[in-house]
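**Student:** Below are the sequence and a predicted model for it; my questions follow.
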Amino acid sequence: MKNMKWPWVEKAYLILLMVIGLTLVPFAFQTVRIWGIPKETYGDKEGLEELATSLEKQVAILDQSLSKKMPRGNYLIINRSANEFTLKNGMDVLRYDKCSTGSFIKLTGNNSQQWMFKTPQGEYKILAKTVAPVWKKPDWAFVEAGLPIPPANHPSRFEYGVLGDYSLSIGNGYLIHGTLYQRFLGLPVTHGCVRLNDDNLELVYKSLPVGAKVYIF
């Protein structure tokens, strides 16, 4: 999976805003050349018109490139720093609200096993969707509770009703799911999964088909 610091959608439009901003402050570029336009032409009307035309062409090229890379259909953006998510279709925002992501707490077991509870960043896809999911507790859940680790399919590993009405898998055990502790939404408190409230989870579940893109930064 491809790592990234910022979703390309947000970055591309930030670039567009910066380019457009150049038309408003031409006097700041008296000592440079922009797209081949001599600096001595920036101060007169004809030079400014030439600069504006050049900038418009650059914006059109960027916009065309962005359109080609825009996900088809709905997609999800998750901001780990702010613990917020945005459900989008193209540039249209369908839902923007709080979520919870990984706590970045490290847990060490008796056998020097270690787990870092962080939500991974990168570009992902919805791999599977489940109604009424059952949580199969991993080893760390027992270590965290101070309990002995049971066999792989022991009944004590299965817990019902703690993940909400739906879950969406993005791979490697990471899920987008609900929570019993909705008062903690907006805080980094999970073991790596992304938690949503009931209404948001239902909307995301119904809006994102298998294969839909998920961007985490």
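**Tutor:** Cool, got the structure.
**Student:** residue ranges of the strands in the protein, please?
**Tutor:** For the chain, the strands defined by DSSP state E occupy 74-79, 84-89, 92-98, 105-108, 114-117, 122-125, 128-131, 134-136, 158-160, 166-171, 174-177, 194-195, 213-216.
**Student:** so what pLDDT did residue 4 get?
**Tutor:** Looking at residue 4, its pLDDT stands at 45.
**Student:** My guess is residue 202 contacts residue 166. True?
**Tutor:** Yes. Because the distance of 6.6 Å satisfies C-beta atoms under 8 Å, residue 202 is recorded as touching residue 166. Glycine gets a C-beta too; all of them are placed from N, C-alpha and C.
**Student:** which stretch among the strands of the chain comes nearest residue 55?
**Tutor:** Minimum separation from residue 55 across the strands of the chain (C-beta to C-beta) falls at strand 92-98, 26.1 Å.
**Student:** before we move on, the earlier item: higher neighbour count, residue 202 and residue 166?
**Tutor:** Using other C-beta atoms under 10 Å as the criterion, residue 202 and residue 166 rank with residue 166 on top: 21 against 15.
**Student:** mean confidence score for stretch 95-112?
**Tutor:** Stretch 95-112 comes out at a mean pLDDT of 95.
**Student:** quick one: buried residues of it?
**Tutor:** 98, 99, 100, 101, 102, 103 (16 or more other C-beta atoms under 10 Å).
**Student:** From residue 108, how far off is the closest residue to residue 211 other than its chain neighbours?
**Tutor:** Using C-beta to C-beta, 6 or more residues apart in numbering and skipping the chain neighbours, the partner closest in space to residue 211 is residue 125 (5.6 Å). Between residue 125 and residue 108 the computed distance is 32 Å (C-beta to C-beta, to the nearest Å).
**Student:** now the strands of the chain in a markdown table, with distance to residue 55?
**Tutor:** Shown next, in a markdown table, are the strands of the chain (distance: least, C-beta to C-beta, whole Å):
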| stretch | distance to residue 55 |
| --- | --- |
| strand 74-79 | 28 |
| strand 84-89 | 27 |
| strand 92-98 | 26 |
| strand 105-108 | 48 |
| strand 114-117 | 45 |
| strand 122-125 | 30 |
| strand 128-131 | 44 |
| strand 134-136 | 53 |
| strand 158-160 | 57 |
| strand 166-171 | 39 |
| strand 174-177 | 40 |
| strand 194-195 | 39 |
| strand 213-216 | 28 |
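**Student:** most packed of the ones you listed?
**Tutor:** The highest average neighbour count among those, using mean count of other C-beta atoms under 10 Å, belongs to strand 194-195 at a mean of 26.
**Student:** hmm, back to that, in helices, which of the buried residues of stretch 95-112 appear?
**Tutor:** With DSSP state H as the criterion, helices contain none of the buried residues of stretch 95-112.
**Student:** give the contact list for residue 80.
**Tutor:** Counting by C-beta atoms under 8 Å, 6 or more residues apart in numbering, residue 80 touches 101, 102, 119, 121, 188, 216, 217.
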